[in-house]
Structure formats: C-alpha cells, structure tokens
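**Q** Quick one, fold the following:
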Amino acid sequence: MKKFLFLIALIPFLAFAQHNEKLKAYKTAYLTESLDLTPEEAERFWPIYNKYDELLMSLRRTERREIYQKMKGDLETLSDAEATVLLDEISTLKSKEVQYHEAMITDLKKVLPSKKILKLKRAEEEFKHMLLEKVKGKHRKRP
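**A** Below is the predicted model of the structure:
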C-alpha cells in the first residue's frame, strides 16, 4: 500500500520532469537550427552551453527558494537590516549571473565565431518570447 501511495504521489513529479525534458529538447532543436551549427560546432558547443545553463538554473532556483519566498510575506514586517541583507543576497546572485554569462562567452569564443554567439543571445530571447506567447495563449483560452 505504501508503494502504491508513493507512486501516486510521484506521478505529478514525473509529468513535470517529462515536461522539462520535452522543453529542453525543443530549446536544443531551436538553438541548433537558429545558430546553424555544424556537427563539429554542435559537438563543442553543447557541453559548454549545458554547463552554464545548469549553473544559471541553479542560481534561479536559489533565487526563488531564498529570495522570493522571503519577499512573499509582508514586507512591512521586515526590519531595515533584514531588507538590506535580502538586497545584498539579490546583488550577489545577480553578480554571479553576470560572471557566468561572461565565462560562457569567453568559453564559447573558443569554439564559435562571435557572430554565432550573438545569434545565440537573440535565439534565446526569441525562444523565451515564444514560450511566453504560448503560455499567454493558454491562459486566454481558459473560461
């Protein structure tokens, strides 16, 4: 019985994980096509990109878990000292994000021409925009 309940509880997590894998596959295909990567470029590009993408996702998870959870509450109850600490944490995370982006660009310059790195930035923004439009469309369809 415990195993059955565990499996029932696990279903939403599996669906979410499957959704994330599908989304990652779409993003990979979109970026590969947008950048017009050769097989050799793709072989060298993806390990670098995936490494930094995971670092950035980790930062975003930390931000959601540690920053936004604290900001969900009543901000009026925060002391000035607590607010200052929170702002410092936000600044630290944003600084790390910039460092990761700079390091990724430095590493990518070793394997791709600069023009393709600019195309990457544009393609990432276009992909985010497509996702947002898709989400907006789903919300408009709801009664």
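
**Q** rest of the way, CA atoms for contacts and neighbours
**A** Will do.

**Q** residue ranges of the helices in the chain, please?
**A** All helices of the chain, identified by DSSP state H, fall at 2-35, 39-62, 69-72, 80-108, 114-141.

**Q** a markdown table please, covering those and showing mean pLDDT and mean neighbour count.
**A** Below are the helices of the chain laid out as a markdown table (pLDDT from 0 to 100; neighbours: other Cα atoms under 10 Å):
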| stretch | mean pLDDT | mean neighbour count |
| --- | --- | --- |
| helix 2-35 | 68 | 12 |
| helix 39-62 | 94 | 14 |
| helix 69-72 | 78 | 11 |
| helix 80-108 | 94 | 14 |
| helix 114-141 | 89 | 13 |
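
**Q** What does Leu37 show for phi and psi?
**A** Main-chain dihedrals, Leu37, degrees, to the nearest 10: phi -70, psi 140.

**Q** Do you know the pLDDT at it?
**A** At Leu37, the model reports a pLDDT of 92.

**Q** how close does the most centrally placed residue in the chain sit to Tyr100?
**A** Residue closest to the average C-alpha location in the chain (Cα atoms, centre = their mean): Met57, at 4.4 Å. Counting by Cα to Cα, to the nearest Å, the gap from Met57 to Tyr100 is 11 Å.
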